[in-house]
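Asker: Sharing a model prediction with you, sequence too.
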Amino acid sequence: IDRIETFQDKKEYRDTTPFPEAISVIEQLAAHHKLHIVTSRSLKLEIATRETLDCYFPGFFKSVIFAGLSGNEARSKAEICKELGATLFVDDSLYNALEVAQGSINVLLFGNRPWNQTTTLPPTIRRVQGWSDIRKLCLPS
């Protein structure tokens, strides 16, 4: 956790730009859905996170909630999704996907990453390979 937070606090990480397709799909999603961000980032990264969102995703998200990775501020993404009344959750973490799906929320498990591998997924979790899959699944044709 310390290594992740140290990396997230570096200029190189903060200066990373989103994929253009991500910006396009999220803009389209925001026109049809209420979008919220539930991030595991620590509150100490709040200013940098909000600056990035304001730059690339202005007004697209109704809220940004910092679940935290550890410590007193840490909260379960599943708990937050339930409080929000979420009907769909997108994440690249298998742990988060499984936890959120237990609350009867549909989940899109993003990407084929070393940290999200499993042989089976419950029916409420569907793996997507990228933003084009999310566009196809979540936007009107």
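Answerer: Happy to help now that I have it. Just so it is clear, the structure is predicted and the values come from calculations on it, not from any experiment. Numbers count the residues shown, from 1 in each chain.

Asker: So which bits of stretch 56-70 are buried?
Answerer: 57, 60-61, 65-69 (16 or more other CB atoms under 10 Å). To be clear about C-beta, it is placed using only N, CA and C from the backbone, and glycine gets the same treatment.

Asker: For those, name the two members farthest from one another.
Answerer: Farthest pair in those (CB to CB) is F60 and L69. Separation: 24.2 Å.

Asker: Which strand residues bridge the most centrally placed residue in the chain?
Answerer: For the chain, the residue sitting closest to the mean C-alpha position, by CA atoms, centre = their mean, is D91 at 4.7 Å. When bridges are called by DSSP bridges, D91 pairs up with L109.

Asker: I'd like the average pLDDT over stretch 83-93.
Answerer: Mean pLDDT, computed over stretch 83-93, is 97.

Asker: For that stretch, give me every contacting residue.
Answerer: Applying CB atoms under 8 Å, 6 or more residues apart in numbering, the contact partners of stretch 83-93 are 36, 38, 40, 63, 65, 77, 81, 96-97, 100-101, 105-111, 113, 115-116, 128, 134, 138.

Asker: ok, now stretch 123-141?
Answerer: So stretch 123-141 is contacted by 19, 21-22, 24-25, 28-29, 32-33, 88, 90, 97-98, 101, 104-112, 121 (CB under 8 Å, 6+ apart).
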